[in-house]
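Colleague: Here is a sequence with its predicted model. Questions after.
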Amino acid sequence: MHPLRFIAFIMLSALAGFVVSLEQAAGQATPTASPGVTAQTTALLVTAINDPLRVTGSDGMVHLEYDLVLTNLFTTPVTITAIDVLTPEGQSLLRLEGDALKAMTRPLFGSTPTDVVPQSGAVAAMLDVVVSPDQVPERLTHHITYALPPDAPALAVIGSREIRGPALTVDPFSPLVIAPPLRGAGWMNANGCCDASAHRSAILAVDGDRLVKFETFAIDWVRLEGPRFYAGDGTRNEDHFAFGAEILAVADGTVAFVRDGMPEETPFEPSKSLRQPLDYGGNEVVLELAPGVFAFYAHMQPGSIRVEIGETVQAGEVLGLLGNTGNTDAAHLHFQLADGPDVLTATSLPFVIDAWTLAGTVSPEGSRTENRVVGPPEPQTNTFPLELSVADFP
């Protein structure tokens, strides 16, 4: 045998023996660290996409919103058993386990609840830490536990089934106080924070070097009249009570971007006009409200936009009319704040509305034609309308 091939054969044999020895050791004893060693090998790598962002919700509580990404670096799928959110002193702020953990964990792109991190894959756990306004911590940390199959290859190389951390600093960003983007009664947050909605769970990769939570605090506003969103069978845009409503500037600002010319979509059918990322917002207006703070209005009626790029606007000024263009299957206003003018590559920012009335909350069991609003009306000042809340605006 050639000498180089002989050396390679010895190396491969040694590696095979190492794996076999690990497999033989698995299950024989609980791994312990060498004396003086505190670092431990783990099957998961846990990172945060961003520091927790705070917002005062319409429930009167402060919600701290962020995602943990759990990446599997082991030979088999890994089952997450619990995620605890703690203060640095060890006080428990949130515990997710069982069905609650599964409900708040998703693939990085997808909507299927899961508590299993696939081999060589990753999932995102959505954390909604709810605290009273006078108990907002400056920092958070975590205790995460997970399970591995008892017959997993190379099981003995994993030194710990728990992870302490990551430690995070609560973002000091103070939510912008804005005026309502619409007028009148019956505006329901049909897709928003802070449960595991499509907006709350959305993640995209940008420039191949970072993940962004681009819709965490976005709201899809639809309009209820009685228990319904539309008259008749709803197959015409004009049937929908939201269609044609005036869309308003939420603060003084400068028009940063305008897009018009996208056709109306047909209600309850897949969008037919999506060709590029820009098409998802349909006809849209972006306002710069402050340095690094942009307001995004999407799905507007074609030909209805009344402002131009570079124009200054005042709070309450009409920007255009609510429509059904872009990535949509029914008339609604997609509204949010972001830290950049391109909503798909920017981080969603929290905001609160200065004055509005919480008419109640729609039962999660509702449908397009039967919705029950629960709860007495409550005046709101500087709060964020949580998902399924119904807002009456001045």
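Modeller: Looks like it arrived, so ask away.

Colleague: From now on I want contacts and neighbour counts done on CA atoms only, so please keep to that.
Modeller: Fine.

Colleague: Let me know the pLDDT of F229.
Modeller: On pLDDT, F229 comes in at 96.

Colleague: so how many other residues sit close to it?
Modeller: When neighbours are counted by other Cα atoms under 10 Å, F229 registers 24.

Colleague: got it, and P52?
Modeller: 23.

Colleague: Going forward, count from 273.
Modeller: Sounds good: first residue 273 from here, last item P324.

Colleague: could you pull out the helices for the stretch 423-572 of the chain?
Modeller: For the stretch 423-572 of the chain, the helices defined by DSSP state H, counting those that start in this stretch cover 470-473.

Colleague: where along it do the strands fall?
Modeller: For the stretch 423-572 of the chain, the strands defined by DSSP state E, counting those that start in this stretch cover 434-436, 440-441, 448-450, 456-461, 476-478, 482-484, 491-495, 518-520, 525-531, 555-562, 565-572.

Colleague: Please identify the most buried of these.
Modeller: Comparing the strands of the stretch 423-572 of the chain by mean neighbour count (mean count of other Cα atoms under 10 Å), strand 565-572 ranks first with a mean of 27.

Colleague: so which of the strands of the stretch 423-572 of the chain comes closest to L345?
Modeller: strand 434-436 (13.8 Å; Cα to Cα).

Colleague: Contacts made by the closest one with the rest, please.
Modeller: Outside strand 434-436, the residues within contact range by Cα atoms under 8 Å, 6 or more residues apart in numbering are 314, 413-418.

Colleague: so which of the strands of the stretch 423-572 of the chain comes closest to V624?
Modeller: Across these, closest to V624 is strand 448-450 (Cα to Cα), at 5.0 Å.

Colleague: Tell me which strands that closest one pairs with, and in which orientation.
Modeller: Strand partners for strand 448-450, identified by DSSP bridges, are recorded as strand 623-634 (parallel).

Colleague: Restricting to C-alpha, output the partner strand in CSV.
Modeller: Coordinates of each C-alpha in strand 623-634 appear next as CSV, following Å, rounded to 0.1, in the frame of the first residue of the first chain:
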residue,chain,number,x,y,z
PHE,A,623,-45.9,52.2,18.4
VAL,A,624,-48.8,53.3,20.5
ILE,A,625,-51.9,55.2,19.4
ASP,A,626,-52.6,58.4,21.2
ALA,A,627,-56.4,58.2,21.7
TRP,A,628,-58.8,55.5,20.8
THR,A,629,-61.5,53.2,22.3
LEU,A,630,-61.1,49.5,22.7
ALA,A,631,-64.6,48.3,21.7
GLY,A,632,-63.8,44.8,22.7
THR,A,633,-61.9,41.7,21.4
VAL,A,634,-63.1,39.3,18.8
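
Colleague: hang on, the earlier thing: are any of the contacts of strand 434-436 buried, and which?
Modeller: 314, 413-418 (16 or more other Cα atoms under 10 Å).

Colleague: Closest one of those to A451?
Modeller: Nearest to A451 among the buried ones among the contacts of strand 434-436, counting by Cα to Cα, is T413 at 34.8 Å.

Colleague: Would you confirm that F529 contacts N555?
Modeller: No: if you go by Cα atoms under 8 Å, F529 and N555 don't touch, sitting 10.6 Å apart.

Colleague: any weak-confidence spans in this structure?
Modeller: Within the chain, the stretches with pLDDT under 70 are 273-309.

Colleague: Show the contacting residues for N322.
Modeller: 338-339.

Colleague: ok, it to Y338 distance?
Modeller: 6 Å (Cα to Cα, to the nearest Å).

Colleague: Bridged to T413, which residues?
Modeller: L358.

Colleague: And E337, by the same measure?
Modeller: Here E337, judged by DSSP bridges, has bridge partners L325, D400.

Colleague: tell me, how many neighbours does it end up with?
Modeller: 24.

Colleague: From what I see, it and A397 are in contact.
Modeller: No: using Cα under 8 Å, E337 is not in contact with A397, being 10.9 Å away.

Colleague: Near the spatially closest residue to N599 that is not a sequence neighbour, how many other residues are there?
Modeller: Once flanking residues are discounted, N599 sits nearest to Y552: 4.7 Å by Cα to Cα, 6 or more residues apart in numbering. Neighbours of Y552 under the rule other Cα under 10 Å: 20.

Colleague: One more: V579?
Modeller: Counted with other Cα under 10 Å, V579 comes out at 18.

Colleague: what about it, which SS state?
Modeller: The three-state assignment at V579 reads coil, by DSSP: H, G, I helix; E, B strand; the rest coil.

Colleague: With the one 3 residues further on instead?
Modeller: Counting by three-state DSSP, the backbone at G582 sits in coil.

Colleague: Tell me the bridge partners for the closest residue to it other than its chain neighbours.
Modeller: Nearest residue to G582, sequence neighbours excluded (Cα to Cα, 6+ apart): V527, at 5.2 Å. Counting by DSSP bridges, V527 is bridged to L559.

Colleague: was I right about V527 contacting E589?
Modeller: No: with contact defined as Cα under 8 Å, V527 and E589 do not form a contacting pair (12.0 Å).

Colleague: Now do the contacts for T347.
Modeller: 391-392, 424-426.

Colleague: Switch these over to a markdown table; also include neighbour count.
Modeller: Putting the contacts of T347 into a markdown table (neighbours: other Cα atoms under 10 Å) gives the following:
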| residue | neighbour count |
| --- | --- |
| Q391 | 15 |
| S392 | 14 |
| A424 | 14 |
| P425 | 17 |
| A426 | 19 |
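
Colleague: Can you tell me which of these is closest to D626?
Modeller: S392 (45.9 Å).

Colleague: so what's the closest residue in space to the closest one that isn't next to it in sequence bridging to?
Modeller: Excluding its sequence neighbours, the residue lying closest to S392 (Cα to Cα, 6+ apart) is N344, at 5.2 Å. Beta-bridge partners for N344, by DSSP bridges, are L316.

Colleague: Right, I'll leave it there.
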